[in-house]
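Undergrad: sequence first, then the predicted structure:
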Amino acid sequence: MNKCIDCGKDTILSVSGKTSDLCDVRLNDKTISGYVPRGLGIGGGDYLEFKLCISCGKIQDKFPKSTEVFQEEEDYA
């Protein structure tokens, strides 16, 4: 059984979905449309995948993450 990396509870929800390159990810005023961007802890390519503690709301990954993926203008919608 997995335990939360933040609160230690065993209330981990696994989320997985296939977006088929139909994903929008927004940060402030910038949007990436298409594939799920890699390096944000939410999956990558056609797949949205992450684990979430439903007790404290923490996505189970190492943070902070870089916003570098939003710096490439050709990815903006």
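TA: Yep, that arrived. Since the structure is predicted, the reported quantities are computational estimates derived from the model, not experimental observations.

Undergrad: list the buried ones in stretch 8-16?
TA: Ile12 (16 or more other C-beta atoms under 10 Å). C-beta here means a position set from N, CA and C on the backbone, and glycine is covered the same way.

Undergrad: now do the closest residue in space to Ser16 that isn't next to it in sequence against Val25, distance only.
TA: Using C-beta to C-beta, 6 or more residues apart in numbering and skipping residues adjacent in sequence, the residue nearest Ser16 is Glu49, 4.8 Å away. The spacing between Glu49 and Val25, counted by C-beta to C-beta, to the nearest Å, is 14 Å.

Undergrad: what do these two both touch?
TA: Contact criterion C-beta atoms under 8 Å, 6 or more residues apart in numbering; residues shared by Glu49 and Val25: Ile42.

Undergrad: could you say what helices and strands the worst-scoring helix or strand of the chain on mean pLDDT packs with?
TA: Lowest mean confidence among the helices and strands of the chain (mean pLDDT, DSSP states H and E): strand 30-34, at a mean of 92. In terms of contacts (3 or more C-beta pairs under 8 Å, 6 or more residues apart in numbering; DSSP states H and E), strand 30-34 is packed against strand 23-27.

Undergrad: what mean pLDDT would you report for stretch 5-22?
TA: Taken as a whole, stretch 5-22 carries a mean pLDDT of 96.

Undergrad: quick check, the residue nearest to Ser16 in a helix?
TA: No: assigned with DSSP: H, G, I helix; E, B strand; the rest coil, Glu49 falls outside any helix and is strand.

Undergrad: so what strands line up beside the one helix or strand Ser16 maps to?
TA: Element membership of Ser16 [criterion: DSSP states H and E] is strand 12-18. According to DSSP bridges, strand 12-18 forms sheet pairs with strand 47-53 (antiparallel).

Undergrad: off-centre distance for the partner strand?
TA: Its chain's average C-alpha position is 7 Å from that of strand 47-53, according to C-alpha atoms, centre = their mean, to the nearest Å.
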